[in-house]
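>>> with the input below, show me the fold.
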Amino acid sequence: MLKTARHDRLRPARRALLGLVMAVALWASVGPASAAADTLSMSLSSATPTDGVPMTVTLAANSTAIDTSGAGPFLYVVVQPSSAGGCGVTYGDDTQVVGSQATTISGDSFNNSTQVSTGQTSTSFSYTGYSPGAYTLCAWLESTSNDYSNQGYTASVVTATASGAVTFVNTDTVATTPPTASPTPKVPFTVTFSGQADAVDSNGNGPYLYAVIQPSSSGSCGATYGDDVQVVGSQATTITGDSYGNSYTQVNTGAYSDAVSITETKGTYVICTWLESTGQDQSGSGLTSSVVLAAASPATYTVGAPPASPPASAGVKPKPTLVQTLRARLHGTLTHLAATARQRHLALRSACDAVVFHAPAAGRLTIRYYQLRRHAGNLLVCSGSTKFVRAGEGSLAIDVVPTAYARRLVRRGRSFKAVIYARFQPRHGRAVVLRRTVRLS
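Numbers count the residues shown, from 1 in each chain. I've put the predicted structure just below:
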């Protein structure tokens, strides 16, 4: 009887101990695997941001430790054109496939990733787009920070992913204002270009304005400036640019306005105007890599017959204007220089030539030679400038600035194209600029 009573008293304690052992065994069998998986979500300040205006990308994460020290995972974020395809399995895999089209916005100057803490975190990045179109944003939480761009590492374990989509909106505009009345042949008239422009790069530079005048019979305007002049050829006259050989005029950001003076013969013409993202869409090269941000509606106008002049007194001719006189004398100077250049190895001479010019008024005469190159900027070969304190005759010595490229061509007996600019800036009034293209051999 005593033994039985003692056995009965110990039975509840044994049952409690057995339950505790079974609970510990069950927890050990489940272990850390029962912890919640990492999560990652993305939110955007705007789904349709404007070119050149920063947008904010925010990543909300709920993450667990990736090692025994309790450190959190590494966050990678890229922006890439939607045409490049979807997001890769890992950051390294994505940048290996997409290449330079993928822009990494996470990390710093030393790493492509940003390490986040465990638990719930929120991390924001700023990004500014400069080309319109649809883009995809890809984000990964990974176990290591060694999944570097273009290395193709896939050893890093992805614990969570997120993605988003944006469309960068272009707000650039351009309009062409032709003359309201029919211009008179060979009499200058003004064409004005105006609009709104956003920055095309991180330095805040504005886009590039291209404009040509071509006969209406040559067809419609091309998709880009380079495409148009490639098809229309010499019938297209570029009216933008400067005395340095550029075919474009870079406009300021915000509201802009630019005016050019034009002289044409009798006929019907169309003005084609483009606002593009780069200054590399050079005349005749047919480059189409430049993005057209805006294009003005073709402006058509007709240069009519000149009005009848009143009868002049017998033996008395009307006196030419200063502009007409300058154009005639600059034309004669260019003709002389072009004829001389065809007979000499211009790039190897110690001086291009000596120019004698009779200035009709006080001002400055500048002459420059540029070597034309298709896919690079034009190179200055030689230049000279002289000042006329009063009307009269003066001489101008033009010094050579040889280029290695021109020397090699001449040494090999090959010729190259060059353009000669002659510019006279009167003390009062607008400058007159003429140019002539020659082939140097």
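>>> next SSE downstream of the lowest-mean-pLDDT helix or strand in the chain?
Counting by mean pLDDT, DSSP states H and E, the chain has its least confident helix or strand at helix 2-30, which shows a mean of 45. Following helix 2-30 in sequence order, the next helix or strand is strand 39-44 (DSSP states H and E).
>>> contact partners of that next one?
55-63, 75, 137, 139-141, 160-164, 166 (CB atoms under 8 Å, 6 or more residues apart in numbering). In short, each C-beta sits where N, CA and C put it, glycine included.
>>> okay, and which of the residues you listed map to strands?
55-63, 75, 137, 139-141, 160-164, 166 (DSSP state E).
>>> low-confidence stretches in the stretch 1-150 of the chain?
1-36, 148-150 (pLDDT under 70).
>>> let's see that with 80 instead.
Within the stretch 1-150 of the chain, the stretches with pLDDT under 80 are 1-36, 109, 146, 148-150.
>>> that older thread, could you pick out the buried ones from the contacts of strand 39-44?
Buried residues within the contacts of strand 39-44, counting neighbours by 16 or more other CB atoms under 10 Å: 55, 57, 59, 61-63, 75, 137, 139-141, 160-162, 164, 166.
>>> and residue 281, how many residues sit next to it?
Neighbour count of residue 281, defined by other CB atoms under 10 Å: 26.
>>> that one contacts residue 291, correct?
No. Contact criterion CB atoms under 8 Å: residue 281 and residue 291 do not qualify, at 9.7 Å.
>>> which residues do the two both contact?
Here residue 281 and residue 291 share no contacting residue, scored by CB under 8 Å, 6+ apart.
>>> next up, the contacts around residue 252.
Residue 252 makes contact with 197, 206 under the criterion CB under 8 Å, 6+ apart.
>>> okay, and it sits in which element?
Following DSSP H and E, there is no helix or strand that holds residue 252.
>>> could you do residue 144 as well?
Residue 144 belongs to no helix or strand when assigned by DSSP H and E.
>>> tell me which stretches of the protein form helices.
Ranges of helices in the chain, per DSSP state H, are 2-30, 91-98, 225-232, 322-341, 404-411.
>>> ranges for the strands of the stretch 301-441 of the chain?
351-359, 363-371, 379-388, 392-400, 416-426, 432-440 (DSSP state E, counting those that start in this stretch).
>>> was I right about residue 95 contacting residue 106?
No. With contact defined as CB under 8 Å, residue 95 does not count as touching residue 106 (11.8 Å).
>>> let me see the domain layout of the protein.
39-168, 175-303, 322-440 (automatic domain parsing).
>>> ends of the longest one, how far apart?
Same thing as domain 39-168. When the termini of domain 39-168 are compared using CA to CA, to the nearest Å, they are 28 Å apart.
>>> just give me how far that domain sits from the chain centre.
How far domain 39-168 lies from its chain's middle: 25 Å, per CA atoms, centre = their mean, to the nearest Å.
>>> and the shortest one, by the same measure?
On the basis of CA atoms, centre = their mean, domain 322-440 is displaced by 31 Å from the centre of the chain it belongs to.
>>> can you offset everything so residue one is 18?
Sure thing, new numbering starts at 18, so read that last one as domain 339-457.
>>> now do it, average pLDDT.
Domain 339-457 comes out with an average pLDDT of 76.
>>> ok, now the second one?
Confidence over domain 192-320 (mean pLDDT, whole number) is 86.
>>> sorry, back to before: now the strands of the stretch 318-458 of the chain in a markdown table, with mean neighbour count and distance to residue 206?
Shown next, in a markdown table, are the strands of the stretch 318-458 of the chain (neighbours: other CB atoms under 10 Å; distance: least, CB to CB, whole Å):
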| stretch | mean neighbour count | distance to residue 206 |
| --- | --- | --- |
| strand 368-376 | 16 | 26 |
| strand 380-388 | 22 | 23 |
| strand 396-405 | 18 | 28 |
| strand 409-417 | 14 | 31 |
| strand 433-443 | 20 | 20 |
| strand 449-457 | 17 | 16 |
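>>> among those strands, which is nearest residue 280?
Nearest to residue 280 among these is strand 449-457 (10.7 Å), distances taken as CB to CB.
>>> using CSV, write out every CA atom in that closest one.
Output in CSV follows, covering the C-alpha atoms of strand 449-457 (Å, rounded to 0.1, in the frame of the first residue of the first chain):
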residue,chain,number,x,y,z
VAL,A,449,28.7,89.5,-92.0
VAL,A,450,30.0,85.8,-92.3
LEU,A,451,30.6,83.8,-95.5
ARG,A,452,32.1,80.4,-95.8
ARG,A,453,33.6,78.2,-98.6
THR,A,454,34.3,74.5,-98.6
VAL,A,455,37.5,73.3,-100.3
ARG,A,456,39.4,70.0,-100.6
LEU,A,457,43.0,70.3,-99.6
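>>> packing partners for it?
In terms of contacts (3 or more CB pairs under 8 Å, 6 or more residues apart in numbering; DSSP states H and E), strand 449-457 is packed against helix 339-358, strand 433-443.
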